[in-house]
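Asks: what's the 3D shape of this:
(one chain, ligands or ions: 1)
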Amino acid sequence: MFKDKNDVRRVGIIGVGEYLPKKVLTNADLEKIVETSDEWITTRTGIKERRIAAKEEAVSDLAVKAAQAALADAGVLAADLELIIIATITPDMQFPSTACFIQKSLGAKKAACFDISAACAGFVHAIVIAQQFISTGLYKNALVVGVEVLSSITDWQDRNTCVLFGDGAGAAVLAPVKSGGILSSYLGSDGTQAELLMLPAGGSRYPTTHETVDKRMHYLKMQGNEVFKLAVNVMADAAQIVLKKAGLECSDIDLVIPHQANIRILLALAKKLNLPEDKVYFNIEKYGNMSSASTATALCQAIREGRIKKGDIVLLDAFGAGLVWAACVIEW
Ligand code: UT7
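Replies: Numbering: from 1, shown residues only. Here you go, the predicted model:
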């Protein structure tokens, strides 16, 4: 088996896939729903349009399509999968885990299945978790999906939030690799900032009642500019930590795949890391903020567009509600 200097298996991403719902919601469409403008949304966020799942599409439906594409890309049969981790804040249901619905649709009978809740940093968390299971030898492969139907928890009367989010799914298959792979990783959190971004009702704190629905507490709430201020710093810090752990410098990075919350956050991150903009991947213009699916689809699209080549150093860097953040350096 392929081991690194610490005598654990090297783990890499051996296949990726994505699925974006067909329906496109443009800024012009949003102008008809709330008091906003294409000009405000574009200059403040960098978003031009986003995808919205069809009424009959739940998160697992999007995830299965992305997963099938990733399995085909990796050349791994669903029947041979040993682990499925789904990163989502919009599961099909509170329980059972969305991972179990996906297992059923894929026919991945052998796989252990669970979901994780790490919001927009969920896909990177899930990659790091899957890496642990594979590097210790417990499982020989894993499917990780970052997937959201954020339109289902968006308050379409709140212009502060409804212009930001979109729906989508991105998947990756991980397995031992001969060289490169995940060189270092880091997970961080600060629960003192939990109030900044949340879905208040529907859990055990505020079980769903007529009152919680009347107060619109079943929709996502965010203190946007407070989150903004923290985002740039935690992403930059996480990047520095994983680079140091890998024995690399910012100048060694070939491409950053960041969480796509706001173009201004990404440009500030590039500046802080002293990286030219062309070393940062953006898909926010077309898809908005898809939480865990943003990093996942961005990785898939960057590979498809030839932006990542064998031997490249890729930095995944994400933050989200919690607050939580996560980064990893991968040699492709
Ligand atoms: O995914 C992980 C977590 N999420 C994030 O990282 C999001 C981070 N935050 C952001 O991206 C930005 O803070 C926002 C895009 C959410 C907001 O941008 P901002 O520059 O921080 O604006 P603001 O919240 O300070 O609001 C500025 C003004 C306000 O008007 P007043 O009070 O100055 O008159 C808002 O009412 O913009 C107004 N506004 C809008 N105007 C037109 C807020 N939303 C809209 C809108 N259209 N959609």
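Asks: what's near enough to touch the residue in the chain that the ligand sits nearest to?
Replies: Of all residues in the chain, the one sitting closest to the ligand is Gly224 (2.7 Å; CB to the nearest ligand atom). For every residue, glycine as well, the C-beta is placed using N, CA and C. Taking CB atoms under 8 Å, 6 or more residues apart in numbering, we find Gly224 in contact with 160-161.
Asks: and if you look at Asp237?
Replies: So, once contact is read as CB under 8 Å, 6+ apart, Asp237 ends up touching Gly188.
Asks: Quick check on it: phi, psi?
Replies: Phi and psi for Asp237, reported as degrees, to the nearest 10, are phi -60, psi -50.
Asks: Identify the residues contacting the strand or helix carrying Ala99?
Replies: According to DSSP states H and E, Ala99 maps onto helix 98-106. The contact list for helix 98-106, computed with CB under 8 Å, 6+ apart, reads 59-60, 63-64, 67-68, 71, 78, 81, 84-86, 88, 91-92, 108-109, 111, 113-115, 145, 147.
Asks: mind saving the C-alpha coords of the helix or strand just after it as PDB?
Replies: As assigned by DSSP H and E, the chain's next helix or strand after helix 98-106 is strand 112-116. Output in PDB follows, covering the C-alpha atoms of strand 112-116 (Å, rounded to 0.1, in the frame of the first residue of the first chain):
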ATOM      1  CA  ALA A 112     -21.100   3.100   5.900                       C
ATOM      2  CA  CYS A 113     -23.200   6.200   5.600                       C
ATOM      3  CA  PHE A 114     -23.500   9.500   7.500                       C
ATOM      4  CA  ASP A 115     -24.100  13.200   7.100                       C
ATOM      5  CA  ILE A 116     -22.100  16.000   8.600                       C
END
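Asks: moving C-terminal of strand 112-116, what's the next helix or strand?
Replies: Immediately after strand 112-116, counting by DSSP H and E, sits helix 122-135.
Asks: Can you list the buried residues in that following helix?
Replies: Neighbour counts using 16 or more other CB atoms under 10 Å place 122-131, 133-135 of helix 122-135 among the buried residues.
Asks: what sits against the one residue sitting closest to the centre of the chain?
Replies: Centroid check for the chain by CA atoms, centre = their mean gives Ser292 as the closest residue, at 2.4 Å. Residues near Ser292 by CB under 8 Å, 6+ apart: 87-89, 118-123, 126, 146-148, 320.
Asks: ok, now with 6 Å
Replies: Ser292 makes contacts with 87, 122-123, 146, as judged by CB atoms under 6 Å, 6 or more residues apart in numbering.
Asks: how about these in CSV, adding pLDDT?
Replies: Listed next are these as CSV, based on pLDDT from 0 to 100:
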residue, pLDDT
Ala87, 98
Gly122, 98
Phe123, 98
Gly146, 98
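Asks: export these to CSV and tack on distance to the ligand?
Replies: Formatted as CSV, these follow (distance: CB to the nearest ligand atom, whole Å):
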residue, distance to the ligand
Ala87, 13
Gly122, 11
Phe123, 12
Gly146, 12
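Asks: Now render these as CSV, adding distance to Leu275.
Replies: Putting the contacts of Ser292 into CSV (distance: CB to CB, whole Å) gives the following:
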residue, distance to Leu275
Ala87, 26
Gly122, 24
Phe123, 21
Gly146, 23
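Asks: Right, I'll leave it there.
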